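**Q** Output the structure for:
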Amino acid sequence: QVQLVESGGGLVQPGGSLRLSCTASESIFRFNAMGWYRQAPGKERELVARITSGGSTKYADSVKGRFTISRDAAKDTVYLQMNSLKPEDTAAYYCNAEVFTTPIKLRGYWGQGTQVTVSS
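**A** All right, here's what the predicted structure looks like:
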(Lines give C-alpha, C1' and ligand atoms only; values in the text may rest on other atoms or scores of the structure.)
Protein backbone atom coordinates (compact mmCIF):
# COMPACT_ATOMS: atom_id res chain seq x y z
CA GLN A 1 0.00 0.00 0.00
CA VAL A 2 1.48 3.31 -1.10
CA GLN A 3 1.46 6.07 1.50
CA LEU A 4 1.82 9.73 0.66
CA VAL A 5 2.46 12.39 3.29
CA GLU A 6 2.02 16.07 2.40
CA SER A 7 3.36 19.06 4.26
CA GLY A 8 4.00 22.74 3.74
CA GLY A 9 0.54 24.25 3.67
CA GLY A 10 -0.47 27.29 5.64
CA LEU A 11 -1.70 30.86 5.58
CA VAL A 12 0.03 33.28 3.22
CA GLN A 13 -0.72 36.78 1.97
CA PRO A 14 -1.56 37.43 -1.68
CA GLY A 15 1.62 37.58 -3.72
CA GLY A 16 3.42 35.29 -1.31
CA SER A 17 4.98 31.87 -1.79
CA LEU A 18 4.69 28.39 -0.32
CA ARG A 19 6.34 25.08 -1.09
CA LEU A 20 4.39 21.88 -0.64
CA SER A 21 6.12 18.54 -0.16
CA CYS A 22 4.83 15.02 -0.74
CA THR A 23 6.93 12.13 0.53
CA ALA A 24 6.15 8.62 -0.66
CA SER A 25 6.61 5.37 1.22
CA GLU A 26 8.54 3.89 -1.70
CA SER A 27 10.62 4.91 -4.69
CA ILE A 28 8.83 7.55 -6.74
CA PHE A 29 10.22 6.00 -9.92
CA ARG A 30 7.82 3.12 -9.32
CA PHE A 31 5.00 5.51 -10.14
CA ASN A 32 3.77 6.25 -13.65
CA ALA A 33 3.25 9.83 -12.53
CA MET A 34 2.74 12.00 -9.49
CA GLY A 35 0.65 15.09 -9.22
CA TRP A 36 -0.89 17.79 -7.10
CA TYR A 37 -4.63 18.36 -7.07
CA ARG A 38 -6.68 20.88 -5.16
CA GLN A 39 -10.23 21.18 -3.99
CA ALA A 40 -11.89 24.38 -2.83
CA PRO A 41 -15.14 24.34 -0.81
CA GLY A 42 -18.10 23.61 -3.05
CA LYS A 43 -15.91 22.80 -6.05
CA GLU A 44 -14.64 19.64 -7.67
CA ARG A 45 -11.10 18.42 -7.21
CA GLU A 46 -8.90 19.65 -10.05
CA LEU A 47 -5.45 18.89 -11.36
CA VAL A 48 -2.88 21.56 -10.51
CA ALA A 49 0.36 20.00 -11.76
CA ARG A 50 1.64 16.58 -12.78
CA ILE A 51 5.04 15.05 -13.46
CA THR A 52 5.60 11.71 -15.17
CA SER A 53 8.29 9.16 -14.43
CA GLY A 54 10.07 10.48 -17.53
CA GLY A 55 10.03 14.01 -16.19
CA SER A 56 7.31 15.50 -18.39
CA THR A 57 5.21 18.12 -16.64
CA LYS A 58 1.70 19.47 -17.08
CA TYR A 59 0.04 22.43 -15.40
CA ALA A 60 -3.43 23.83 -15.08
CA ASP A 61 -3.77 27.03 -17.11
CA SER A 62 -4.58 28.98 -13.95
CA VAL A 63 -1.17 28.23 -12.38
CA LYS A 64 1.16 28.26 -15.40
CA GLY A 65 4.10 30.55 -14.81
CA ARG A 66 3.45 30.69 -11.05
CA PHE A 67 3.69 27.07 -9.85
CA THR A 68 6.47 24.55 -10.45
CA ILE A 69 6.39 20.83 -9.80
CA SER A 70 9.69 19.05 -9.16
CA ARG A 71 11.02 15.93 -7.52
CA ASP A 72 13.94 14.61 -5.50
CA ALA A 73 14.27 10.88 -6.11
CA ALA A 74 16.82 10.48 -3.33
CA LYS A 75 14.17 11.65 -0.87
CA ASP A 76 11.19 10.02 -2.64
CA THR A 77 9.61 13.45 -2.56
CA VAL A 78 7.70 15.62 -5.00
CA TYR A 79 7.41 19.36 -4.48
CA LEU A 80 5.04 22.09 -5.58
CA GLN A 81 6.60 25.55 -5.49
CA MET A 82 3.81 28.11 -5.49
CA ASN A 83 4.68 31.76 -6.19
CA SER A 84 2.54 34.85 -6.68
CA LEU A 85 -0.27 33.23 -4.78
CA LYS A 86 -3.79 34.54 -5.24
CA PRO A 87 -6.89 34.23 -3.03
CA GLU A 88 -8.38 31.89 -5.63
CA ASP A 89 -5.53 29.44 -4.95
CA THR A 90 -7.08 28.80 -1.53
CA ALA A 91 -7.92 25.10 -1.30
CA ALA A 92 -6.98 21.78 0.19
CA TYR A 93 -4.06 20.42 -1.84
CA TYR A 94 -3.69 16.69 -2.35
CA CYS A 95 -0.77 14.63 -3.58
CA ASN A 96 -1.52 11.80 -6.00
CA ALA A 97 0.53 8.87 -7.27
CA GLU A 98 -0.41 6.67 -10.23
CA VAL A 99 0.76 3.06 -10.14
CA PHE A 100 0.32 0.36 -12.77
CA THR A 101 -1.25 -2.61 -10.98
CA THR A 102 -1.35 -4.55 -14.27
CA PRO A 103 0.30 -3.67 -17.62
CA ILE A 104 -2.80 -1.69 -18.57
CA LYS A 105 -4.50 -0.79 -15.29
CA LEU A 106 -3.60 2.31 -13.29
CA ARG A 107 -4.46 2.85 -9.64
CA GLY A 108 -4.32 6.19 -7.89
CA TYR A 109 -3.20 6.80 -4.33
CA TRP A 110 -3.91 9.97 -2.36
CA GLY A 111 -2.35 11.79 0.52
CA GLN A 112 -4.37 13.25 3.38
CA GLY A 113 -4.22 16.79 2.02
CA THR A 114 -2.75 20.05 3.23
CA GLN A 115 -4.62 23.34 3.47
CA VAL A 116 -3.42 26.43 1.64
CA THR A 117 -5.13 29.71 2.50
CA VAL A 118 -4.25 32.91 0.65
CA SER A 119 -5.63 35.93 2.45
CA SER A 120 -4.64 39.34 3.70
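
**Q** any idea which helix or strand carries the spatially most central residue of the chain?
**A** Residue closest to the average C-alpha location in the chain (Cα atoms, centre = their mean): W36, at 2.1 Å. Element membership of W36 [criterion: DSSP states H and E] is strand 33-39.

**Q** Report all helices and strands that that strand contacts.
**A** Here strand 33-39 touches strand 18-24, strand 46-52, strand 67-72, strand 77-82, strand 91-100, going by 3 or more Cβ pairs under 8 Å, 6 or more residues apart in numbering; DSSP states H and E. Backbone N, C-alpha and C define where each C-beta goes, glycine included.

**Q** Look at the residue lying farthest from the centre of the chain and report its pLDDT.
**A** With distances taken as Cα atoms, centre = their mean, the residue sitting farthest from the centre of the chain turns out to be P103, at 24.8 Å. On pLDDT, P103 comes in at 87.

**Q** for it, helix, strand, or coil?
**A** Following DSSP: H, G, I helix; E, B strand; the rest coil, the label given to P103 is coil.

**Q** Report the strands that pair with the strand holding W36, each with its relative direction.
**A** strand 46-52 (antiparallel), strand 91-100 (antiparallel) (DSSP bridges).
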